[in-house]
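Chemist: Sequence plus predicted model, see below.
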Amino acid sequence: MSTAEPITIQGLKKRYGKKQVLTGVTLSVPRGVTTALLGRNGAGKTTILRILAGLLPRNGGEVSVAGLDPWKQAIRVKAITGYVPDAPMFHPRWRVRDAMSLVKSARRRSWDEREARRLAETFQLAGSDRIGALSKGARAKLSLLLALSHHPEVVLLDEPASGLDPLSRKEVLGTLVEIMEREGAAILISTHRLDDVERLAERVAFLKGGEIVAEGLTEELRTGRGIPEAQLEHPGLTELYAALLDREQEKREVQPCAV
Amino acid sequence: MRSLIAKEWRESRALIFGFLILAPVASVLIKWLLVGFKATETTDSLVFIIPGAFALFVFALSADLAAADISSGRIAFFAALPTSPAKVWAAKTLFLAGSALLYLGYALVVETMILALAGKATAPLMGPEAARMTLPLTAVMTAGAATFLFSTLIDRGFAAALAGFGMVAGPWLVLGAIRKNIGGFGIDLEAASLFACVVLIVASLSGSAAAFLSGRVHLKARLRRVLVAGLAFLLVLLPATVWAGVSVRNWLTIDAGDEQVRLGGGRPTPDGTWALLSASRRGKGPFGAPSPQEDWAVNLETGVVREFGGIGWFMGGDEEFAEGPGRLALFRHSKAPDGKANWLRVVYDLNTGRPLSTRSVQRSKLYGWTSIPWGLHRLDITRSPRRLLTADGRTFDQPEGWRFSPATAPWGVGLRRRKGGVSYSFGVLLFDTGEIRELSHHPHSLPDDPDGFAVSFGQPIRRIPLAGGETEEIDIGKPNSRSLSPDLRFAVISSSAGLYLVRSKDASIEKIEDETPVRGGPFILWANDSRTFLVLGHGPSLKGTIRDGHATVEQVQVSPRIIFPVHFDGSRVLGFGAGHGSYHVSELDGSSRQLLPVR
């Protein structure tokens, strides 16, 4: 495992044609910490993850994954990274074992066959299952299995439980929590759901207007403690923070006083 | 790599199995319903069925090979893995190539079995005749590679197949038109087509690879893919095309001093200033380009070479010099717009090499210029029967069954005809009466008097009475060389018994020398004055002078030894020197000057 900071982003810029999506993102994700990247749809969360995964070039700034440039040293970055896209694409005619075989041959020695079988059992995926016949939740689990079976140093999850039913969400998120506790990897999750944030992430970064407008421990953000005044007054933060505070308020109102 | 190829197999196997069934079923149906089993020919299989089945398979397989993954976004699956895009592309390419070749073998085997069951000959499918499939199959592979390229670019399978087909079909149609209307510029179009196919295959695969890798196909940035692929395609296509064009051009271009050039022929201008040579290359050039030929005029004083190149140039007899000293008229056979043969007569200034005039004349009117010197007369070889044009302006058509021989006199011309096998009979045609007198032997020279004696240069030499009677044999040993003077008045004959002079006017023979320096070959040369001659020997040579009908000789030295003499002007000789690989102008005192290097 590398000794460099798992994820370091400094002044990241990205544009699609004339549209500037990221105007200067600065973020770091330490090892063993799960960080949620929170923002509305279209804020640029997926873009950041794809840049970190070595799938997109950047237009400015510095990005480092375990000390490596994810675009220029893409193969090495991908070897230590597990990436789960928001909409994983498989050939409908593939079977689960076909996808596992492809990833296994790509990852070679880092692939842990035992871990893969364990996850397959946990997610109730059989090798002979045809992917085209799997539910959305099952395919999401398969993506997780393929991304985590090689014990990555960096895990990038793009809305991992998006579109799943409550039971599947519980399964997927539960597994994620277990893995996070065990692996000690740096995990960056992009989401627009606050309950995912609360459940999974120790740190939260708010993305709005192409930049990180606030960053801090989830607990602090939930209670309002420890956030600089300037950040509190940021228009983007106000909106999301208000949403967080509202939820906190709701919980307090609903729950009886602790005895 | 194995798992990547296995992935391609998994995704394509339904298609492949379909084609495995389609090949035999379609072949049987075609033979049964369209052609009939009895009428089926093995060549149909070679030319249509096997290439057709192969083409359909290649198009179907290559169309979606990249397009399906790109359009569906599955390409991102691989992009996220620590697998180089080059490996992914290579797996697709290997799968396409391997599957295509295996399917071709399968189609060949299946067709062989069907033909065998139909009772038809199957040997051509496996034998040399199978080479007929080379060009069609190569064209199909080209279309397949092009389809794979477009599959990478436009990520729509059917459109990619159409584009790939169009990229090959278009030039194919153009080539067919070229072959039909222009004859292909004298190049072997099949060889050129095969070369073009190979270049297009490499260019298409290069373009596809570039689009996949540098074009960042997983980003689905179509314009970038197209630009990168187009650049890679051109980087292969343009140099190859330029190289091919330059290779053919270099082959067809002959320059003075080129050691690969073969020189031959050779005639002097009347003033002895220039020698006319033909230059060519042996064999066939790249893409079957024909052996080029040019006509050169070499200045015997300065060694300057004037090149008169191009296809179809034709030097036509003494008419070349009709424009006077320092001028050369060349003839070219070209095609007129109305399809009738046309002649171009171009007059050049030899000193500057520039054309002075060009005239186009229809063949039917080129009477005087399509004739060649024929002894004292001229012969129109474009007519059938040939027509003799006498020096005094009369014309005589070649008598039926006879051919004109080169023996001429002011009063007549020699004739010969085949009796059977290698036997000939001979005669002379008298212009005044039209009479044909048959002779016992071939007349090589004719006397001044039509009732005199002709001479036949055989062994022995014969004096043939033209008015009839016994032929007289004169033994002068075994002849090994002879030459008639330009005015046909004298002949010098070299034989084992010595050197002899023959006077045509009366068929008299005089011994010049007891020994001849010549051991065989065309080594007796005459100067234009018809009174000076040179007998080239392996050692010393002899220069002869005729005065009052008698010849005297003196020893001269010609070095280097000439093995292919071209011209003698009385004081020097132009020829191809032995062992030196070049044309020399040699003086009779042993000195010489090299003119052109030639192998």
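Modeler: Right, received. Where do you want to start? Residues are numbered from 1 along each chain as shown, chains lettered A, B, ... in the order given.

Chemist: What's the local residue count around the nearest residue to residue B:236 once chain neighbours are set aside?
Modeler: Distance criterion Cβ to Cβ, 6 or more residues apart in numbering or on different chains; nearest residue to residue B:236, sequence neighbours excluded, is residue B:203 at 3.9 Å. No exception for glycine: its C-beta is placed from N, CA and C like everyone else's. Residue B:203 sits with 24 neighbouring residues when counted by other Cβ atoms under 10 Å in any protein chain shown.

Chemist: Residue ranges in chain A under the pLDDT threshold?
Modeler: For chain A, the stretches flagged by pLDDT under 70 are A:1-4, A:183, A:219-259.

Chemist: Please list the residues of it that sit near chain B.
Modeler: Applying Cβ under 8 Å from any Cβ of the partner chain, we find that chain A lies next to chain B at A:53, A:55-56, A:75-76, A:78-79, A:83, A:85, A:87-91, A:93-94, A:98, A:101-107.

Chemist: Next step: those residues restricted to strands.
Modeler: residue A:83 (DSSP state E).

Chemist: of the residues of chain A next to chain B, buried ones?
Modeler: A:53, A:55-56, A:76, A:78-79, A:83, A:85, A:88, A:90-91, A:94, A:98, A:101-107 (16 or more other Cβ atoms under 10 Å in any protein chain shown).

Chemist: Isn't the residue nearest to residue B:236 up against residue B:238?
Modeler: No - counting by Cβ atoms under 8 Å, residue B:203 sits too far from residue B:238 to count as a contact (9.1 Å).

Chemist: what ranges do the helices span in chain B?
Modeler: With DSSP state H applied, chain B shows helices at B:2-29, B:42-44, B:50-63, B:67-72, B:75-79, B:85-117, B:123-126, B:134-154, B:157-181, B:189-213, B:222-252, listed in chain order.

Chemist: Tell me if the first one is near chain A.
Modeler: Yes - residues of helix B:2-29 contacting chain A under Cβ under 8 Å from any Cβ: B:2, B:3, B:4, B:6, B:7, B:10, B:11.

Chemist: how about the residues of chain B that lie near chain A?
Modeler: So chain B meets chain A at B:2-4, B:6-7, B:10-11, B:72-74, B:76-77, B:79-84, B:218-219 (Cβ under 8 Å from any Cβ).

Chemist: In PyMOL, select just the buried ones from the residues you listed.
Modeler: Selecting only the buried entries of these in PyMOL, with 16+ other Cβ under 10 Å as the criterion:
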select buried, chain B and resi 4+6+7+11+74+76+77+79+80+81+82+83+218+219
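
Chemist: hey, what's the nearest residue to residue A:76 once chain neighbours are set aside bridged with?
Modeler: Using Cβ to Cβ, 6+ apart and skipping the chain neighbours, the partner closest in space to residue A:76 is residue A:68 (5.4 Å). The partner list for residue A:68 in beta bridges (DSSP bridges) reads residue A:65.

Chemist: Repeat that for residue A:84.
Modeler: Per DSSP bridges, the residues bridged to residue A:84 are residue A:157.

Chemist: can you list contacts of stretch B:8-16?
Modeler: Around stretch B:8-16, the neighbours that count as contacts under Cβ atoms under 8 Å, 6 or more residues apart in numbering or on different chains are A:91, A:93-94, A:98, B:60-61, B:65, B:68, B:91-92, B:95, B:99, B:103.

Chemist: Likewise for stretch B:536-544?
Modeler: B:492, B:499, B:512-513, B:516-519, B:523-525, B:532-535, B:551-558, B:561-562, B:565, B:573, B:588.

Chemist: Quick one, which of the residues you listed are buried?
Modeler: Buried members of those, scored by 16+ other Cβ under 10 Å, are B:492, B:499, B:512-513, B:516-518, B:523-525, B:532-535, B:551, B:553, B:556, B:558, B:561-562, B:565, B:573, B:588.

Chemist: Inside strands: which ones of these?
Modeler: Under the assignment DSSP E, these contribute B:492, B:499, B:512-513, B:524-525, B:532-535, B:551, B:553, B:556, B:562, B:565, B:573 to strands.

Chemist: Looking at the residues you listed, which is nearest residue A:205?
Modeler: For these, the residue nearest residue A:205 by Cβ to Cβ is residue B:562; the value is 97.8 Å.

Chemist: so that closest one bridges to which residues?
Modeler: The partner list for residue B:562 in beta bridges (DSSP bridges) reads residue B:577.

Chemist: now residue B:510
Modeler: residue B:501.

Chemist: Residues touching stretch B:77-90, excluding its own?
Modeler: Taking Cβ under 8 Å, 6+ apart as the rule, stretch B:77-90 contacts A:53, A:55, A:75-76, A:78-79, A:83, A:85, A:88-90, A:102-103, A:106-107, B:1, B:4, B:69, B:208-209, B:212-213, B:217-218.

Chemist: Alpha carbons of that stretch, as PDB, please.
Modeler: Provided in PDB are the C-alpha atoms of stretch B:77-90 (Å, rounded to 0.1, in the frame of the first residue of the first chain):
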ATOM      1  CA  PHE B  77     -16.400  -1.200 -18.200                       C
ATOM      2  CA  PHE B  78     -13.000  -2.000 -19.700                       C
ATOM      3  CA  ALA B  79     -11.800   1.500 -19.300                       C
ATOM      4  CA  ALA B  80     -12.200   1.300 -15.500                       C
ATOM      5  CA  LEU B  81     -10.000  -1.800 -15.400                       C
ATOM      6  CA  PRO B  82      -6.200  -1.800 -15.400                       C
ATOM      7  CA  THR B  83      -6.200  -3.200 -18.900                       C
ATOM      8  CA  SER B  84      -4.600  -1.200 -21.700                       C
ATOM      9  CA  PRO B  85      -7.100  -0.200 -24.400                       C
ATOM     10  CA  ALA B  86      -4.500  -1.600 -26.900                       C
ATOM     11  CA  LYS B  87      -5.200  -5.000 -25.500                       C
ATOM     12  CA  VAL B  88      -8.900  -4.600 -25.800                       C
ATOM     13  CA  TRP B  89      -8.500  -3.500 -29.400                       C
ATOM     14  CA  ALA B  90      -6.000  -6.200 -30.200                       C
END
